[in-house]
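K.L.:
next input, structure requested:
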Amino acid sequence: MLFNSCSYEMNSKIIQINYGTSFGECVGYCNHQVSIKADSVKWICICNACMAPGLMQKSFYAKTNLTLWDSIRTNISISSFQALPTVIGCPDCADGGAEWLELILNNGEKHKVTYEYGKEPTVIKDYVAKCKQVFNRNTCQ
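P.N.:
Numbers count the residues shown, from 1 in each chain. Presented below is the predicted three-dimensional model:
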């Protein structure tokens, strides 16, 4: 079992939260990710069809604060997240897009759930909304 508790103590073992979106049949920066840690946020934008070597990926960093970090990592039921399958629906079928959420623990364990764009599972809907607030601060265009 990957996660076995939804207590604050277990949530305090979350060391990184990753969230992203992707569209396979797209030109430009169509894959966006954000990695959130206790002290930093990193946005990554990947270009699907960019041919110039310097345009394949962009990364942006910012410092964060413990208030933001604690509000994100303690706002999820670990047991509910762990119960979700790794793939839900048909992510990016017919270029409908995909979204994903991944939690990484301090012991190296991780669980990633990928689902159809805009169709996050009900049990993580509020949590994904919180991650999107940080995600939407990216400057990749």
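
K.L.:
could you use CA atoms for every contact and neighbour count after this?
P.N.:
OK.

K.L.:
ok, and the spatially most central residue of the chain, which helix or strand is that part of?
P.N.:
The centroid of the chain falls nearest to Tyr19 when counting by CA atoms, centre = their mean (0.9 Å). Per DSSP states H and E, Tyr19 falls inside strand 14-22.

K.L.:
mind listing what's buried in stretch 71-85?
P.N.:
By 16 or more other CA atoms under 10 Å, the buried positions in stretch 71-85 come out as 72-79, 81-82, 84.

K.L.:
sorry, that was for stretch 13-22
P.N.:
Neighbour-count burial for stretch 13-22, counted by 16+ other CA under 10 Å, picks out 14-22.

K.L.:
grab the nearest non-local neighbour of the residue nearest to the centre of the chain.
P.N.:
In space, and not counting its chain neighbours, Tyr19 is closest to Leu101: 4.5 Å by CA to CA, 6 or more residues apart in numbering.

K.L.:
cool, Lys132 as well?
P.N.:
Among residues not flanking Lys132 along the chain, Tyr19 sits closest, at 7.9 Å (CA to CA, 6+ apart).

K.L.:
now do Asp92
P.N.:
Sequence neighbours aside, Ala98 is the residue nearest to Asp92 in space, at 4.9 Å (criterion: CA to CA, 6+ apart).

K.L.:
repeat that for Ala49.
P.N.:
Setting aside the residues directly before and after it, Ala49 is nearest to Val27 in space (CA to CA, 6+ apart), at 5.4 Å.

K.L.:
the one you found: what's it in contact with?
P.N.:
47-50 (CA atoms under 8 Å, 6 or more residues apart in numbering).

K.L.:
tell me which helix or strand of this structure sits lowest on mean pLDDT?
P.N.:
Ranked by mean pLDDT, DSSP states H and E, the helix or strand of the chain with the weakest confidence is helix 8-11, at a mean of 48.

K.L.:
any stretches of this protein with poor pLDDT?
P.N.:
1-12, 51-55, 139-141 (pLDDT under 70).
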